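Novice: Model the following, please.
(one chain, ligands or ions: 1)
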Amino acid sequence: MSPHLDSEGIWREVLRRPATAKPRPALFLDRDGTINVEIGYLHEPAKAVLVPGAAAAIAAANRADWLVVVITNQGGVGRGYYGWEAFRDTQRRIEAMLADDAGAKVDMVLACPFHPEAPEPALRHKDHYARKPHPGMLFKAAADLPIDLARSIVAGDRASDLMAGRAAGCEQGVLVDSGFQAAERKAAEALAREGYRVRVAPDLSALTPGFGAAK
Ligand SMILES: [Mg+2]
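Specialist: Numbering: from 1, shown residues only. As a prediction, this is how the structure comes out:
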């Protein structure tokens, strides 16, 4: 078993720790379809391709002293399509590409393997609190790093990413909309009608200018 799994079986890995414990906002990022191009259960490092603008936005968040936290549902682990080693190798490849592209750095990675159709009973869960749209991964991140959830942003390519951020008390959600996911856009617009602060943008580059003023 991986040393990065916590007592509940969630991948929970701090890569960098800020120098001080002063609370600061986090940019919570979905991974597949947000940082890297969605190909469906990505688990081979060589198949990872960055979404344009992702590395620059993460680098801007780094410079503004925001924490960058990847929160990814990895139902493929639960379903037995691949294991944690493949997840880790793919994740390390994505981090290397982000660093090469713009010097961008991820501070923490969380991954939830639970899935309703997992063949292995230990990973089978109807509705795990850490699986987005639920906020468990964000709360775990805030327990490990000095994160001000109320000033944090969540970004992802599905409305469930934004729902997790809303449930954790993040001040806004950004739906990165490649144009292929009309249903996700509709669901995100419904969240906005319920009063949640939602932005829709083609990719993460829409966030880059905002970090210039952030402190
Ligand atoms: Mg996604």
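Novice: Contacts only, for the residue in the chain that the ion sits nearest to.
Specialist: Nearest residue of the chain to the ion: Gly33, at 3.5 Å (CB to the ion). For the C-beta atoms, the positions are set from N, CA and C on the backbone; glycine is no exception. By CB atoms under 8 Å, 6 or more residues apart in numbering, Gly33 lies in contact with Val51, Gly156, Asp157, Arg158, Val176, Ser178.
Novice: before we move on, what about Arg16?
Specialist: By CB under 8 Å, 6+ apart, Arg16 lies in contact with Lys105, Val106, Asp107, Met108.
Novice: returning to what we had before: which members of the contacts of Gly33 additionally contact the ion?
Specialist: Among the contacts of Gly33, the residues within reach of the ion (CB under 5 Å from the ion) are Asp157.
Novice: Please, a ChimeraX command that selects the buried ones among the contacts of Arg16?
Specialist: In ChimeraX, a selection of the buried entries from those looks like this (16 or more other CB atoms under 10 Å):
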select :106,107,108
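Novice: how about the longest strand seen in the chain: buried residues?
Specialist: Longest strand of the chain, by residue count under DSSP state E: strand 67-73. For strand 67-73, burial by neighbour count (16+ other CB under 10 Å) applies to Leu67, Val68, Val69, Val70, Ile71, Thr72, Asn73.
Novice: Understood, closing this out.
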